[in-house]
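**Student:** here is my input; please provide its structure:
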Amino acid sequence: MLRKTLQQFRELRPPVKAMVYLFWIYVFVGSLTGLFVQLFVYATFQSIAVNVVAAAVEFFGIMVGFCLIGAGFAQWRLNLKLGYICSFILMAASFGFLYGDVSRFDTMCFMLAHGVGVGVYWLTIHTFELTETKNDEREFYSSMLSFGGQVVGLVAPVVGTALLYLSERLFHGQTFTLLFICAPLSYLAGFPFFQKISDYRPQPITKRDLHHFFTERRNRFSQLYLLGDSLTLTWESALIPVASLLLLHDVKHVGVFNSIFAVLSALALVFVARFRNTGNRMLFLSITTLSMALLAGLPVLSFTLVVFIVYTLGMMILKPLYRVSAHVIDLETMETLAHKESDFYPTMILRDASLWVWRVVGSLIILFVIGVVGAEEAAVRSGFGLLIISPVITLFGAMLMYRSFRHYQNLEI
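**Tutor:** Numbering: from 1, shown residues only. Here you go, the predicted structure:
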């Protein structure tokens with residue numbers, strides 16, 4: 001099984017393999033710092049609301065990087081190959097805001113700058129995924145992204161936790177300092193792969209592209225799908241780190257906890273990658289979204305360490321499997337919603353702008369819940385209640401979206 005998977009990976013074209021390697025580097029740094037940044041924010045300011053606002057600021061930065069800078073690349077016909085280099089430099093430089101005595105302003109500056117880098121990165125990788133990969137090979141490609149992401153996601157928390165312990169000894173209580181110094185250096189590993197990426201200069205976005213996106217009937221169903229996915233991401237980003245710290249009491253324990261369960265997710269991805277194809281995308285999406293909704297109900301009923309372990313174990317397996325199906329559906333959506341005289345690029349930019357709108361909606365909802373409920377544990381449990389709903393919205397939107405796409409294709413035939 002593993003030998004066949006490795007053989008398929010070796011057969012990928014050099015630009016595609018370079019994209020995979022760059023993604024693994026991105027995920028390694030993200031896994032090394034993502035959870036710990038949220039823990040750092042909560043440990044520093046002792047407020048779930050600050051975590052939510054920080055996440056919202058990062059989402060705004062992602063929109064700026066993806067949509068506004070992406071539109072700039074199109075307007076001036078710049079080579080989007082530069083996006084990889086620019087995004088890695090931006091994300092690395094943003095950690096400068098977290099050195100020394102960090103204020104709320106410093107935190108928000110980091111979130112904004114880092115978000116811009118993340119946005120430029122996803123703008124770049126989505127562009128080359130659509131220009132370099134074919135629809136019938138995307139299941140395997142996406143599975144390799146997720147599998148490698150899980151492997152480095154296993155290593156990264158171990159490295160991060162070791163850096164936390166070491167930092168406390170070297171800097172006398174400054175738990176995160178060494179982590180925030182070492183993590184950005186990992187982006188240097190990406191430079192050998194930049195030259196293998198092809199050139200692409202997008203066409204300027206026109207008024208017709210805007211009109212088509214907002215009036216296209218099929219886009220209404222895709223918005224429901226994007227709403228559910230955005231709500232899940234927004235709520236998980238704010239709630240899961242806080243829940244981990246409330247139950248495990250120490251950021252180092254959280255790192256060890258996540259390291260233990262990541263290996264199971266990687267094994268599940270290797271096993272399932274053999275059975276994925278274009279015909280069962282919705283089947284995998286249905287199974288994973290409904291299972292995620294059921295799992296989210298457990299911490300609502302009983303917010304204990306045992307229940308949280310069960311929830312985390314289940315999500316470590318389900319979430320990457322879900323992302324593979326969601327990823328290829330996202331790529332197909334960008335291609336099929338464009339009008340005939342244009343390519344995917346304008347739809348991709350406008351689609352991410354709508355994602356940002358739904359993430360703002362998600363942030364406002366969770367802030368309202370926190371304001372009404374008040375107590376930290378009660379707010380987190382209520383947040384898990386919301387996470388029962390959002391995957392169902394995602395599935396319902398995807399089903400309507402796919403039905404409308406198939407109907408449209410039949411009309412064209």
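**Student:** now do the contacts for Glu335.
**Tutor:** Residues near Glu335 by C-beta atoms under 8 Å, 6 or more residues apart in numbering: Leu130, Asn135, Phe344, Thr347. Quick note: C-beta positions are derived from backbone N, CA and C, even for glycine.
**Student:** do that again at 7 Å, thanks
**Tutor:** Glu335 makes contact with Leu130, Phe344 under the criterion C-beta atoms under 7 Å, 6 or more residues apart in numbering.
**Student:** for Cys86, same thing?
**Tutor:** Per C-beta under 7 Å, 6+ apart, neighbours of Cys86: Val120.
**Student:** run the last query once more with 10 Å
**Tutor:** By C-beta atoms under 10 Å, 6 or more residues apart in numbering, the residues touching Cys86 are Gly65, Ile69, Phe73, Leu80, Val116, Gly117, Val120, Tyr121, Leu123, Thr124.
**Student:** mind putting those residues into TSV with pLDDT?
**Tutor:** Listed next are the contacts of Cys86 as TSV, based on pLDDT from 0 to 100:
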residue	pLDDT
Gly65	97
Ile69	97
Phe73	96
Leu80	95
Val116	98
Gly117	97
Val120	98
Tyr121	98
Leu123	97
Thr124	97
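**Student:** and Asn205, its phi and psi?
**Tutor:** Quick fix: residue 205 is Ile, not Asn. phi -80, psi 130 (degrees, to the nearest 10).
**Student:** show me what contacts the closest residue to it other than its chain neighbours?
**Tutor:** Using C-beta to C-beta, 6 or more residues apart in numbering and skipping residues adjacent in sequence, the residue nearest Ile205 is Pro346, 4.6 Å away. Shown in contact with Pro346 (C-beta under 10 Å, 6+ apart): 70-71, 74, 202-206, 208-210, 212-213, 334, 337-339.
**Student:** sorry, back to before: kindly reformat the contacts of Cys86 as a markdown table containing neighbour count.
**Tutor:** Formatted as a markdown table, the contacts of Cys86 follow (neighbours: other C-beta atoms under 10 Å):
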| residue | neighbour count |
| --- | --- |
| Gly65 | 29 |
| Ile69 | 21 |
| Phe73 | 24 |
| Leu80 | 24 |
| Val116 | 25 |
| Gly117 | 24 |
| Val120 | 29 |
| Tyr121 | 24 |
| Leu123 | 26 |
| Thr124 | 26 |
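**Student:** how about the helices in the stretch 151-300 of the chain?
**Tutor:** Under the criterion DSSP state H, counting those that start in this stretch, the stretch 151-300 of the chain contains helices at 177-182, 191-194, 207-215, 217-248, 251-273, 281-301.
**Student:** many thanks, have a good one.
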